[in-house]
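J.: Take this sequence and fold it.
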Amino acid sequence: MNIILRYFLCVFLLAAGANVFAQQTGLVTKVQKFKPPVVKSYLGVNQNGAQVTLTEGMQLIGLPIKVVDATNHAYPIDSYQFLYKEKGMRRNVETGKKETSFSIVSDRFKESPIPKVWINNIKDRLQKDEEIYFFDIVVTDKEGRKFFAPDLKITIK
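T.: Now for the predicted structure:
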């Protein structure tokens, strides 16, 4: 009998606690609707979808991302994710032939350009058909509101 009483007491206390938390008001802060400005993302003079030569790619990798609106007002970068799609060769275990494969390295950064160690490693390895991709680019306006800027994918031709 004692076990049954304890069980019902626990169920009652859990239900009462859930009810108390569910009825709390004032914890939600209303945020004004915000329509972010139309902006464009650049790496050098290149926008999303650009195809550049190997030499240009080696220069671009060390440049900061630039996000501007129609009036050429620059927005500071809060954070972004960077992805490097690296080309490599592997041997097919079934046929024994070499095949092209791609691997991906990626990280999130808060400062642009990417860290020097990344720049140096990518410059040393960069080759045709690889991609450098900046995405989830978060910028801040004058009022401190954060919003996403367009992605920026550049392919080495």
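J.: So, low pLDDT: which residues of this protein?
T.: 1, 5, 8-10, 12-13, 15-26 (pLDDT under 70).
J.: Which elements pack onto the longest strand seen in it?
T.: Taking DSSP state E as the criterion, the chain has its longest strand at strand 77-91. Here strand 77-91 touches strand 65-69, strand 98-109, helix 116-125, strand 131-140, going by 3 or more C-beta pairs under 8 Å, 6 or more residues apart in numbering; DSSP states H and E. C-beta coordinates here come from the backbone N, C-alpha and C atoms, glycine included.
J.: okay, the angle between that strand and strand 65-69?
T.: For strand 77-91 against strand 65-69, the angle by axes from the mean of the first three to the mean of the last three C-alpha atoms, to 10 degrees is 130 degrees.
J.: what sits up against strand 77-91?
T.: For strand 77-91, contacts defined as C-beta atoms under 8 Å, 6 or more residues apart in numbering pick out 64-65, 67, 97-112, 114, 118, 122, 125, 127-140, 146.
J.: Would you mind putting the helices and strands packed on strand 77-91 into JSON lines with distance to Gly44 alongside?
T.: Output for the helices and strands packed on strand 77-91, formatted as JSON lines (distance: least, C-beta to C-beta, whole Å):
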{"stretch": "strand 65-69", "distance to Gly44": "8"}
{"stretch": "strand 98-109", "distance to Gly44": "18"}
{"stretch": "helix 116-125", "distance to Gly44": "14"}
{"stretch": "strand 131-140", "distance to Gly44": "12"}
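J.: Now render these as TSV, adding mean neighbour count.
T.: TSV is the format used below for these (neighbours: other C-beta atoms under 10 Å):
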stretch	mean neighbour count
strand 65-69	18
strand 98-109	11
helix 116-125	13
strand 131-140	18
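J.: Quick one: closest of these to Thr29.
T.: strand 131-140 (19.1 Å; C-beta to C-beta).
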